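Engineer: with the sequence up front, the predicted model follows.
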2 protein chains.
Amino acid sequence: MKKILNDPKNVLDEMLNGFVYANEGLVKRLEGTGVIYRTFKDEGKVGLVSGGGSGHEPSHAGFVGQGMLSAAVCGEVFTSPTPDQIVEAIKIADQGAGVLLIVKNYTGDVMNFEMAQEMAEMENIQVEKLIVDDDIAVEDSTFTAGRRGIAGTVLVHKILGAAAASGLSLEEIKTLGDQLVPNIKTIGVSISPATVPEVGKLGFQLAEDEMEYGVGIHGEPGYRREKIKTSREIAKELVNQLKKAFNWKKGDHYAVLVNGLGATPLMEQFVFMNDVHALLKEEELVIDYKKVGSFMTSIDMAGVSLTLVKLADDTWTRYLKLPVKTPAWV
Amino acid sequence: MKKILNDPKNVLDEMLNGFVYANEGLVKRLEGTGVIYRTFKDEGKVGLVSGGGSGHEPSHAGFVGQGMLSAAVCGEVFTSPTPDQIVEAIKIADQGAGVLLIVKNYTGDVMNFEMAQEMAEMENIQVEKLIVDDDIAVEDSTFTAGRRGIAGTVLVHKILGAAAASGLSLEEIKTLGDQLVPNIKTIGVSISPATVPEVGKLGFQLAEDEMEYGVGIHGEPGYRREKIKTSREIAKELVNQLKKAFNWKKGDHYAVLVNGLGATPLMEQFVFMNDVHALLKEEELVIDYKKVGSFMTSIDMAGVSLTLVKLADDTWTRYLKLPVKTPAWV
């Protein structure tokens, strides 16, 4: 394992401290916990809380700030945060209008956020929960029943964050989320695996000339392993899978997110976006919003994922474009 | 070489098209060139132009926008842009108040930007040039006489961009730049080398347990190769080198930038920032501005660089903090 780290056991603590220091004034850490919260208080507005295992930086703490998340709960690397820490995040996020939990669909996360929801409700905080399961690659997986939650989650943060900032009620935001999630689909490809610091070796093996479609952000198996292809061919495969899943028509409106998985430089992400653009143009879709960058990573995995959102409502596009002030979303 | 690309010969073209597509509305590409310019026109204000070889994304095109660069000239990977393209960028950046060229100190870049300056002056555009040579690792290098220009250049974009937006004259901005550059110093470490797509193999070799201090962003040799150390030890070495170079006193004001070299995930960058923070605190420096992220990369090199700016003037801090609207600077 070749990394710039100290004792792998302290990665979470040191990383969060470095993150909070770098973003002083914008976010704080609830001492002794993995809870990162914004200094900005939006009184009377709904609070949004997300989180999960670490190793997906900048997710989710990088999206804490004005116009996106109120707080993020950061578990150990690839490990769900505990219910008591989630409760702390809920308490700090509640500004009197209740809190929505945005949870990627992994069994541990769902269980712990659910437990925290019950605990917070006992303390008379109104809490709703939204499960994101945007990964269309496989059904049921190493840590999941159903489909996994991956990069599309960041767009849920963005859209619901804007809704919360605009003053929608908890019930309205939950309804919006329920409409939104089935319209967000993601699929990815890995060309080299990640190394969890505490494990110290690659999470799985890929030959020097191989790639795998649909690998999860914790290295869960995908749906097909092949000799490495060109960006154009990879884009074709991913767009085709999304086309099947959405069953779109010419003229439909979409948002597109090309997401780097951690070690893939922007050079490749932009080349890939160029190929995606050509294919979506052929399909005669209308793309109202686009984004490229490493937002939902898997430590130092190389590869990309492609997310499309069917923009069923103009408001969603407006929410995507509303300016925010967070560490990681421009 | 394992990358998500098509024909390596077309990397620049495809990457720029993907970049411009992703940032539609904010930037445009001058057709048939590597010139990226902002759609925002700041009439009567000084224009800032930077650029150089590609492979350092998001530099420099990612900093084109309101409050930073007017245009960036993107050469082929690790290859200076041609003078005629730089002239095109100057013309588009000129809003009647002249143009400042911000050039990283590499022989090819300096020569071509200088030639472009002369050509533009013959067309009656007022042009000044600022050479950035912030890398304190080595003196004279594979492609450089003197010291190389690296990540500190991005902070020059930020500070002078704010100065230009504030309405300073070309002469004032050039004077500010001349004061600023000697107060910016950077030093880095590489733990794994980059692969230029057209070359197809690693730029240099590092053993599985080795790292090298002071490697250039094109893989130029550094000043020492060692067994890989902890983040804390690396931070100590880099801070010590900077301490020698600055000869600082307790209470001096500084800005700090931790920069990922391309394949290094945020996890490691934040852990490293945490260690840098501890050391700067021991030195009793006052840190008025901090930033972490991959801003000046070397394709898929792994490693980090550390930049410090001695904030000799309060205005510099204010300029660093002024909001901007660009693809890559939050």
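Structural biologist: Yep, that arrived. Numbering: from 1, shown residues only, chains lettered A, B, ... in the order given.

Engineer: low-confidence regions, the stretch 101-250 of chain A specifically.
Structural biologist: Applying pLDDT under 70 to the stretch 101-250 of chain A flags no residue at all.

Engineer: get me the contact residues on it for chain B.
Structural biologist: Residues of the stretch 101-250 of chain A lying close to chain B (CB under 8 Å from any CB of the partner chain) are A:189, A:191-192, A:197, A:208-209, A:228, A:230-232, A:234. (Glycine included, C-beta is placed from N, CA and C.)

Engineer: just send the residues you listed back as CSV, with secondary structure and neighbour count too.
Structural biologist: Output for these, formatted as CSV (DSSP: H, G, I helix; E, B strand; the rest coil; neighbours: other CB atoms under 10 Å in any protein chain shown):
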residue, secondary structure, neighbour count
A:Val189, strand, 27
A:Ile191, strand, 24
A:Ser192, strand, 23
A:Pro197, coil, 23
A:Glu208, coil, 8
A:Asp209, coil, 10
A:Ile228, coil, 19
A:Thr230, coil, 15
A:Ser231, helix, 25
A:Arg232, helix, 19
A:Ile234, helix, 25
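
Engineer: of those residues, which is the nearest to B:Gly251?
Structural biologist: Nearest to B:Gly251, judged by CB to CB, of those is A:Pro197 at 36.4 Å.

Engineer: my guess is that closest one contacts A:Pro8. True?
Structural biologist: Yes: with contact defined as CB atoms under 8 Å, A:Pro197 reaches A:Pro8; the gap is 3.7 Å.

Engineer: which residue ranges of the stretch 1-150 of chain A form helices?
Structural biologist: Assigned by DSSP state H, counting those that start in this stretch, the helices in the stretch 1-150 of chain A fall at A:11-22, A:83-93, A:107-122.

Engineer: quick one: mean pLDDT for the second one?
Structural biologist: Looking back up the chat, that one is helix A:83-93. Averaged over helix A:83-93, pLDDT sits at 98.

Engineer: hang on, isn't A:Gly152 packed against A:Phe295?
Structural biologist: No: when contacts are counted by CB under 8 Å, A:Gly152 is not listed as touching A:Phe295 (10.2 Å).

Engineer: intersection of neighbour lists for the two?
Structural biologist: With contacts defined as CB atoms under 8 Å, 6 or more residues apart in numbering or on different chains, the residues shared by A:Gly152 and A:Phe295 are A:Leu257.

Engineer: give me the number of residues near the closest residue to A:Ala93 other than its chain neighbours?
Structural biologist: Nearest non-adjacent residue to A:Ala93, counting by CB to CB, 6 or more residues apart in numbering or on different chains: A:Gly47, 3.1 Å away. By other CB atoms under 10 Å in any protein chain shown, the residues close to A:Gly47 number 28.

Engineer: point me to the residue of the stretch 1-150 of chain A nearest chain B.
Structural biologist: Closest approach between the stretch 1-150 of chain A and chain B, counting by CB to the nearest CB: A:Gly18, at 3.5 Å.

Engineer: any idea how far B:Glu24 is from the residue nearest to A:Ala93?
Structural biologist: Using CB to CB, to the nearest Å, A:Gly47 is found at 33 Å from B:Glu24.

Engineer: correct me if wrong: A:Gly25 contacts A:Gly65.
Structural biologist: No: using CB under 8 Å, A:Gly25 makes no contact with A:Gly65, being 10.5 Å away.

Engineer: please say which of the two ends up with more neighbours.
Structural biologist: A:Gly65 (24 against 9).

Engineer: sheet-wise, list the partners of the host helix or strand of A:Arg225 with their directions.
Structural biologist: A:Arg225 belongs to strand A:224-227 when assigned by DSSP states H and E. Strand A:224-227 has the following sheet partners, assigned by DSSP bridges: strand A:210-213 (antiparallel).

Engineer: need the residues that contact the strand it pairs with.
Structural biologist: With contacts defined as CB under 8 Å, 6+ apart, strand A:210-213 is touched by A:137, A:187-191, A:206, A:221-229, A:234, A:237-238, A:303.

Engineer: would you show me how to pick out the buried ones of these in ChimeraX?
Structural biologist: Listed next is the ChimeraX selection for buried residues among the contacts of strand A:210-213, using 16 or more other CB atoms under 10 Å in any protein chain shown:
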select /A:137,187,188,189,190,191,206,222,228,229,234,237,238,303
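
Engineer: per-residue pLDDT, A:Val309?
Structural biologist: At A:Val309, the pLDDT value in this model is 98.

Engineer: mean confidence score for stretch A:274-290?
Structural biologist: Over the span of stretch A:274-290, the pLDDT mean works out to 98.
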